Structures are given as structure tokens and as C-alpha cells.
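Student: quick one, what's the 3D model for this:
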Amino acid sequence: MPVRSSSRAPRAQAHRALAFRRRELVRLSLVAASLLAIVTWLHAPTICEAAEAAPPAANASDDDVKHLLSVVLAETEDFWGATFKAGGSTYEEPKLVLFTGFIATACGPVSGTSYCAADHRIYLDPAFPGLREIGSTGDFAKALILAREVGHHVQNISEVPHPDVTDGNQQAAIIRSEQVELQADCLAGLWSRYVWDQHLLEDSDLTQARGLLRALGDDQPANASRNSTAKRYGTAEQRIRWFDRGLAGKAIADCNTFADPL
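Tutor: Residues are numbered from 1 along each chain as shown. Prediction:
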């Protein structure tokens, strides 16, 4: 990762000016989008465009999403960097790789959004396939998805037990999967509180986040296919509860899904 310590102050000012643009604001003009792209290139976290993908020509909307992701990733780096430093360790920042459709990774082929523990990379399709179908197309829904994947990175570098380490017991695998995924929801809640305290969020953003988690709950009809696998994320109620627990928390210890009832 390139050293970017000298860019923290101006970048932080830019983040506060951005705030998570309200939907009623007029979309950035092409000229403004071009200027933002230059600022992002100079000051933003490392974001890779996957060579395997051949995305269509970028438009203003694409640039807006990529800029949003850049801001969100930077805010997670600031939060987790300070959190790890307070605990006496150093936060290793993940790399965000953008792609379209499918991509081959060190963890196998993926689509949509996925964190790969083997290479510490977050793979994300900025089109966010599936969000429109569940009615979650707002900026903070997209921000939360990225924040959750960063949460998985935090788990990885903190050596949280992997869902597959269950000695072949399917019921144990289901429980472990729920513990890991609900903790990621909680860690995203911790980060959301950090952003809230910077006055970058409104109540409507948190409502948007809870709506997304509700739609992605295992007990929702659209997710019934999960019942045939050991990969579980938790019910809508559990996911919202653990997100809110992180939102009200102050430390990673407040997100201990391995010790507390789910």
C-alpha cells in the first residue's frame, strides 16, 4: 500500500464536505466528476480496477459510486486505524478491487461482493447487483456493504475463527457462520457510529441500513435457498439487533457474538 499519511488532513476535510450526498441533490456534473476523479486519484485509498473485467465506458453515475466507495474505504481506514492503535497494534489496510460480473480470486471465482482472507482484498462490483431488487439502492446501503466486508477483514487479521473450522459438524458450521456474519454486522455498526459522530449521517441513513439488513435476513422468502447450506447470516431480527449493538458500542469487545447469545 502506498504511504498516504500526508494526505489525511485534506482528505478528512473533503470527506466532511461530501457527507453522503442526499438523494435530492442534483448529480455531479461531468466536469465536477472529472475533478473528483483527480482528487480521488491523488488522495484516496488504493482501489484496483480488475484487469479480468471489461466494464463499459464510465459515466457520471459510475464515477459517483466509485467516489463514494473511495470515501467509505478511507473512513474505515481512519476508524480501524485509530481503533487498532488504541489497542497497541497496527491496522493493516485491505485493498479494494472493483470488477464487473465475475472475477477469479485467490479464494476462487466470485461475483457481487466478497472478502478474500487469502489475499486481504475486498472484491466488489460497483453495480451492486441485487440491491435494486430488494429496494436498497441508497448511498448508505452501498456504504454498509463495503463496511461489512471491511469487518470481515478486521476479523481475519484479528484471527477470528473461520466458519469452516467446525470439524465437519453441519450444525456447528451453521452456528459458526452466523457468529461470523453477525459480528460483521456489528462491526459495521461500530464504524457507522464513528461516521454518525462526525455528523455525516442522518436517521434516514440508519433506517436504510436496517432495511437492507432486514431484506438480507435468512428468514426472508427471497433467501430461502440458504436453508440447504451451512452458510447462514442470521435472521432479519438478529442482523438488525447486532448492527444496533455495534451502533451503541464503543469497542470490538461489544461485538462478541461468540460469547453472547445470538
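
Student: what about the strands in the chain?
Tutor: 47-49, 95-98, 102-105, 108-111, 113-116, 121-124 (DSSP state E).

Student: so what touches stretch 202-215?
Tutor: Residues outside stretch 202-215 that contact it (CB atoms under 8 Å, 6 or more residues apart in numbering) are 20, 131, 134-136, 138-141, 144-145, 185, 192, 196, 220, 222, 236, 239-240, 243-244, 247. Using the backbone N, CA and C atoms, a C-beta is placed for each residue, glycine as well.

Student: are any of the residues you listed buried, and which?
Tutor: When the contacts of stretch 202-215 are checked for burial by 16 or more other CB atoms under 10 Å, the buried set is 20, 131, 134, 136, 138-141, 144-145, 185, 192, 196, 236, 239-240, 243-244, 247.

Student: out of those, list just those in helices.
Tutor: 139-141, 144-145, 185, 192, 196, 236, 239-240, 243-244, 247 (DSSP state H).

Student: ok, so of those, who is nearest residue 216?
Tutor: residue 239 (6.8 Å; CB to CB).

Student: neighbours of the nearest residue to the closest one once chain neighbours are set aside, how many?
Tutor: Of all residues not flanking residue 239 in the chain, residue 213 sits nearest, at 4.1 Å (CB to CB, 6 or more residues apart in numbering). Neighbourhood size, residue 213 [other CB atoms under 10 Å]: 27.

Student: kindly report the same for residue 85.
Tutor: 11.

Student: now do residue 159
Tutor: For residue 159, the neighbour count with other CB under 10 Å is 7.

Student: so who does it touch?
Tutor: Contacts of residue 159 (CB under 8 Å, 6+ apart): none.

Student: shaky segments in the stretch 151-262 of the chain?
Tutor: 161-168 (pLDDT under 70).

Student: tell me where it has helices.
Tutor: With DSSP state H, counting those that start in this stretch as the definition, the stretch 151-262 of the chain shows helices at residue ranges 170-197, 203-215, 236-248.
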